[in-house]
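Asker: 3D, please:
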Amino acid sequence: MSNDNIQQLVNRYVDVSFSVTKKAEALITEQLGSNLTHDQLYIIRYINRVGSCTSTALAEEFEVKKSAITAIINRLWEKGFIQRTRDEKDRRVVYLTLTEKGEELFWKIDKRIQQLVEGIISQFEPSEIEQFIKTFEKLNHALIEQRDKK
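Answerer: Numbering: from 1, shown residues only. Next comes the predicted model:
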């Protein structure tokens, strides 16, 4: 493949990636309302999936500094969406779980996002959706490999 072709593909990828990300974030923001930020939603979604975790685990999962996670957790705690529980054997360890209020909010927003995504992907054939997800997963894997080389 020539350098011109590669450059055109890179430009198309960057342009469409930016456009899709911005449009998707805007649509999801509409579903969140003023209750949550995107980062807060991702944290709540992760805690809902794993049940209980620590701030350190969140920082590792989201590849950010623990101070960034602490700020998000503090806001979620102030809103009553998460609870902190100290480990009885090691008081330095704090487990994070969703409160009932946090779970209710998660399921309410998750339902809205599911409906939003269903409306979008219903415009594609099932085989197109499956191939897209496989390709996106492959891209994710390639990005992880690239990161780990550093």
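
Asker: Surely S34 is within a strand?
Answerer: No: the assignment for S34 is coil, going by DSSP: H, G, I helix; E, B strand; the rest coil, so no strand is present there.

Asker: By mean pLDDT, flag the weakest helix or strand of the chain.
Answerer: Within the chain, no helix or strand scores below helix 3-32, which has a mean of 89 by mean pLDDT, DSSP states H and E.

Asker: name the helices or strands packed onto that one?
Answerer: helix 38-50, helix 100-121 (3 or more C-beta pairs under 8 Å, 6 or more residues apart in numbering; DSSP states H and E). Bear in mind the C-beta positions are built from the backbone N, C-alpha and C, glycine included.

Asker: Quick one: neighbours of I121, just the number.
Answerer: Neighbours of I121 under the rule other C-beta atoms under 10 Å: 14.

Asker: mind listing what it touches?
Answerer: Applying C-beta atoms under 8 Å, 6 or more residues apart in numbering to I121 gives the contacts I129.

Asker: What does the pLDDT read for it?
Answerer: As predicted, I121 sits at a pLDDT of 93.
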